[in-house]
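1. model this:
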Amino acid sequence: MKLTELFQDAPNKKLLLSGNDAFARGIFEAGVRFAANYPGTPLSEVGDNLKYLSETRDDFTFDYSLNEKVALESCIGASWSGVRSIAMFKHLGLNVAADPLHSFPYSGVKGGMIILCGGDPGILSSTNAQDNRLYSLHSKIPIIEPGTVQECKDFIRDGLRLSELYELPVYVHVTTRICHSHGIVTLGDVKEPKIEGYFEKDADRYINTLKRALKNQEKLHEKITRIAKNKKLFYQFNRIRAENQAKNTTGIITSGISYSYVIQACQKLGIKSPILKLGFLFPINREEICEFANQNHLSKLLVVEESESFIETFIKSVFCNYCEVKRDLEIHGKDSLPSIGELNTDIILKFLVDHFEHENPLIMGQLSRKEKILEEIIPGLPVREPTFCPGCQYRPVFYALKEITKSFMKKEDLVFIFAGDIGCYTLSEAYPYQLLDWVTCMGAGLGIANGMAHVIGKKQKLIAYIGDSTFLHSGIPALLNAIKNNIDLTLILFNNYWTSMTGQQEHPGTPRKYITRFGSKSKTDVKELDIIKFLQNIGLERDNLEVTGAYNISHLKRLFQSILEKDGTRVIVINEECALKKKRRLREEKAALDQVQNNYTYYTITDTCTKCNVCIEKFGCPAINVSIMENSESDYFIDEAMCIPEICPGVCKSLCKNNSILKTIINPHLEES
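-> Presented below is the predicted three-dimensional model:
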């Protein structure tokens, strides 16, 4: 699908979209004027789509912000000026934005505002699986959750209407599966955004101090109470599937992607049960929940949700303290369902058969056989170890660093501590490098090292890593603190120009000349922030700042050797563009200029190879492979499809002690002549 199709004005047209595409379409249809995010899986693609929209229309602005706090605060400013706005980030980003999140709802919103946040219950691309629905307990922000790809689009529009009706921000809770699911979506009408905002001063509303804050807190609680009792909202966002079967007195309450699992499980088992799919999670409408139980004559209620027992806790509170059927209702959920990891249809099948008579007696036998087969197959499958991309600029850096630190440890009896952070360099935890001692959250590698530096002995030395995007996001304060105290620390700052791990999005330090423009100019990326100039002007000793490329291993070893012998706070900037992005960029530039590459370069391993395994076991380049021949001997070769010689200048050749890797350059024009 082309982006022009996603943002066409074509009501009632049907498109196959992902959940993230549907969110972007919903933002377009709803007349949002301003959007901001810090890229994070599972929502990265929403921002990528909106960047195109921002650069091709004059009535919409999108910003890749330095971090989630800045993104949220920017959207608050747009909303208070009377235009619609939306902030987007992953679940961990809400922790960064938690300060304004808990304060600005007292003032509320003027233009509709949504906080779109992607959870990761399976911890597929995160460091935890926190359930952000629990933020509602102290932020008092309404939560809605789409359960289908169509709802991903529609809930943006409906959520903004709700936001403006009650002058509150609305939190849209989603998880990985719904973001990356695909479905047929019917497009709607496109609302023209309000282009120009105006901020009306109101001290009582916007200055939350002393009595003003208390009064605004009281107003917030009153709004939430009214929302909880709004019957129309209950039926707008929630869906009831009623079954007129008097014999079945067991009902199900679920939400989000779990609803799809429940429907699939019920179909397989032939179960016909009343189901309430909650799209409006907080605040809970107690009266309508009770009505669902009463009308369907329920004696048992099953609550199906991922992560924490958020809905279940509220439901139990309703029936214990409020509803007239509380004496007879039996409620089950997390007493059987896991709180860790993602749910799936098989898990729900096992859960439902304990509570329903079903029409498929063979289903559990089939499920048992499936699990038994998987138990036999999975242990024998090769484990896909995390690794850097072919040609990645990080690989030679960590190879050289490991060699030098090993040398230091032998000669001077030192132990190096490697402070990790969030980014591609987190993969240094894996074989063959294993140069990582903690990963917590963005900016924490350097932050934790600040305190540790004050208490460890002289036999231990700290080396911290951080990427350029993470440095701008939340690493600057920690580095300034380190410089202030002149702690003994070496920081390796990977300046690769992009937010690479989430899909090569730009950030304030990305060279403007490298950024793909969809329109004539950007509204948000006016100037490039030079990280190296910034470092030169924040108090580092002149001799303690080094800037280098990544592919010369001999030079890297000498540089590490020199700087690790020094004292104080030292910074090494690895100034090298992300190899994957650079490869794509060069290909696009050549295509745009209609140029043909004159030379073709490739690397081969010759018969003189002694199979010392340095290139595989110590360097770990995935383009270098081994095949077993018929005589059981091994043959080492370089996969030309993975090797990118236009980016990596043959690092494997430079480290081969036997000169067994050969570089070949073919010039087609010379052959013709």
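
2. Quick check, Glu164 in contact with Gly108.
-> No: using C-beta atoms under 8 Å as the test, Glu164 is too far from Gly108 to be in contact (10.2 Å). For glycine as for every other residue, the C-beta is placed from the backbone atoms N, C-alpha and C.

3. between the two, who's got more neighbours?
-> Counting neighbours by other C-beta atoms under 10 Å for Glu164 and for Gly108 shows that Gly108 has the greater number, 20 against 17.

4. Please give the element, helix or strand, for that one.
-> In this structure, Gly108 is located outside every helix and strand according to DSSP states H and E.

5. which residues does it contact?
-> Residues in contact with Gly108, defined by C-beta atoms under 8 Å, 6 or more residues apart in numbering, are 166-169, 205, 219-220, 223.

6. Tell me the one of those nearest Glu376?
-> Distance to Glu376, by C-beta to C-beta, is smallest for Pro169 among the contacts of Gly108, at 50.2 Å.

7. hey, what's the residue nearest to the closest one when sequence neighbours are not counted bridged with?
-> Nearest in space to Pro169, with sequence neighbours left out and distances taken as C-beta to C-beta, 6 or more residues apart in numbering, is Met113 at 4.7 Å. Following DSSP bridges, Met113 is listed with bridge partners Ser85.

8. Val170 now?
-> Taking DSSP bridges, one finds Ile114 as the beta-bridge partners of Val170.

9. That one against Ile114, yeah?
-> Yes: counting by C-beta under 8 Å, a contact exists between Val170 and Ile114, whose distance comes to 5.3 Å.

10. picking that back up, and the residue nearest to Pro169, how close does it get to Phe237?
-> Plainly put, Met113 is 17 Å away from Phe237 if you go by C-beta to C-beta, to the nearest Å.

11. pretty sure Ile331 contacts Ser299?
-> No: counting by C-beta under 8 Å, Ser299 is not a contact partner of Ile331; they are 10.6 Å apart.

12. These two: who's more crowded?
-> For Ile331 and Ser299, the more surrounded residue by other C-beta under 10 Å is Ile331, and the numbers stand at 18 against 13.

13. Wasn't that one part of a strand?
-> Yes: residue assignment for Ile331, taken from DSSP: H, G, I helix; E, B strand; the rest coil, places it within a strand.

14. Name all residues that make contact with the closest residue in space to it that isn't next to it in sequence.
-> The shortest distance from Ile331 to any residue other than its chain neighbours is 4.9 Å, reached at Leu301 (C-beta to C-beta, 6+ apart). Shown here is Leu301, whose contacts under the criterion C-beta under 8 Å, 6+ apart are 250-253, 293, 315, 319, 329-332.

15. ok, back up a step: give me the common contacts of Val170 and Ile114.
-> With contacts taken as C-beta under 8 Å, 6+ apart, Val170 and Ile114 have 159-160, 163 as neighbours in common.

16. list the buried ones in the one helix or strand Val70 maps to?
-> When elements are defined using DSSP H and E, Val70 is found to belong to helix 68-80. Burial within helix 68-80, assessed by neighbour count using 16 or more other C-beta atoms under 10 Å, is assigned to 68-76, 78-80.

17. repeat for stretch 621-632
-> Going by neighbour count (16+ other C-beta under 10 Å), the buried part of stretch 621-632 is 621-624.

18. Restricting to C-alpha, output the host helix or strand of Phe637 in CSV.
-> Element membership of Phe637 [criterion: DSSP H and E] is strand 634-638. Below are the C-alpha coordinates for strand 634-638, written out as CSV (Å, rounded to 0.1, in the frame of the first residue of the first chain):
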residue,chain,number,x,y,z
SER,A,634,34.2,-27.7,6.6
ASP,A,635,34.2,-25.0,3.9
TYR,A,636,34.3,-21.3,5.0
PHE,A,637,32.6,-18.8,2.7
ILE,A,638,31.3,-15.3,2.6
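
19. Could you check how far that strand is from the centre of its chain?
-> Offset of strand 634-638 from its chain centre (C-alpha atoms, centre = their mean, to the nearest Å): 37 Å.

20. can you check stretch 488-503 too?
-> Relative to the centre of its chain, stretch 488-503 is centred 17 Å away, using C-alpha atoms, centre = their mean.

21. Can you list the buried residues in it?
-> Along stretch 488-503, the positions that meet the burial threshold by neighbour count (16+ other C-beta under 10 Å) are 488-502.

22. Let's see which of the residues you listed end up in strands.
-> 489-495 (DSSP state E).

23. Now flag whichever of those residues is closest to Leu436.
-> The shortest distance between Leu436 and any of these, using C-beta to C-beta, involves Ile492 and amounts to 11.9 Å.

24. I figured Tyr166 was touching Lys223, is that so?
-> Yes: when contacts are counted by C-beta under 8 Å, Tyr166 is listed as touching Lys223 (5.0 Å).

25. rewinding a little: can you tell me which of the buried residues of helix 68-80 is closest to Glu357?
-> Minimum distance to Glu357 across those is 48.3 Å, recorded for Glu68 (C-beta to C-beta).

26. Pull the contacting residues for the closest one.
-> Taking C-beta under 8 Å, 6+ apart as the criterion, Glu68 is in contact with 37-38, 87, 89, 93-94, 96-97.

27. which residues of the stretch 301-450 of the chain fall in helices?
-> Taking DSSP state H, counting those that start in this stretch to define them, one finds helices in the stretch 301-450 of the chain at 310-321, 345-353, 363-377, 394-412, 444-452.

28. Low-confidence regions, the stretch 201-350 of the chain specifically.
-> Confidence mapping of the stretch 201-350 of the chain against pLDDT under 70 gives the ranges 243-248, 323-328.

29. Tell me which stretches of it form strands.
-> Taking DSSP state E, counting those that start in this stretch as the criterion, the stretch 201-350 of the chain contains strands spanning 239-241, 250-255, 275-278, 280-282, 300-304, 330-332.

30. likewise the stretch 451-600 of the chain?
-> The residue ranges that make up the strands of the stretch 451-600 of the chain, judged by DSSP E, counting those that start in this stretch, are 460-467, 489-495, 545-548, 569-575, 600-605.

31. Adding distance to Glu376, write those out as TSV.
-> TSV is the format used below for those (distance: least, C-beta to C-beta, whole Å):
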stretch	distance to Glu376
strand 460-467	40
strand 489-495	42
strand 545-548	50
strand 569-575	45
strand 600-605	37
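
32. I'd like these laid out as TSV, including distance to Cys266 and mean pLDDT.
-> Putting the strands of the stretch 451-600 of the chain into TSV (distance: least, C-beta to C-beta, whole Å; pLDDT from 0 to 100) gives the following:
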stretch	distance to Cys266	mean pLDDT
strand 460-467	46	94
strand 489-495	49	96
strand 545-548	60	96
strand 569-575	54	96
strand 600-605	56	85
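
33. follow-up on the earlier one: between Met113 and Phe237, which one's more packed in?
-> Taking neighbours as other C-beta under 10 Å, Met113 and Phe237 compare with Met113 leading, 29 against 22.

34. what's the distance between the more buried one and Thr225?
-> When C-beta to C-beta is applied, the distance between Met113 and Thr225 equals 21 Å.

35. now do Thr250
-> If you go by C-beta to C-beta, the gap between Thr250 and Thr225 works out to 31 Å.

36. on that earlier part again, now the two most distant members of the buried residues of stretch 621-632.
-> Of all pairs drawn from those, the one with the longest distance (C-beta to C-beta) is Pro622 and Ile624, at 7.4 Å.

37. returning to that earlier point: buried deepest among the helices of the stretch 301-450 of the chain, which one?
-> For the helices of the stretch 301-450 of the chain, the largest average neighbour count (mean count of other C-beta atoms under 10 Å) is found in helix 444-452, namely a mean of 22.

38. ok, residues contacting that one?
-> Defining contact as C-beta under 8 Å, 6+ apart, one finds that helix 444-452 is touched by 417, 419-421, 438-440, 462, 464-466, 475, 478-479, 481-482, 485, 487, 489, 491.

39. Lovely, talk soon.
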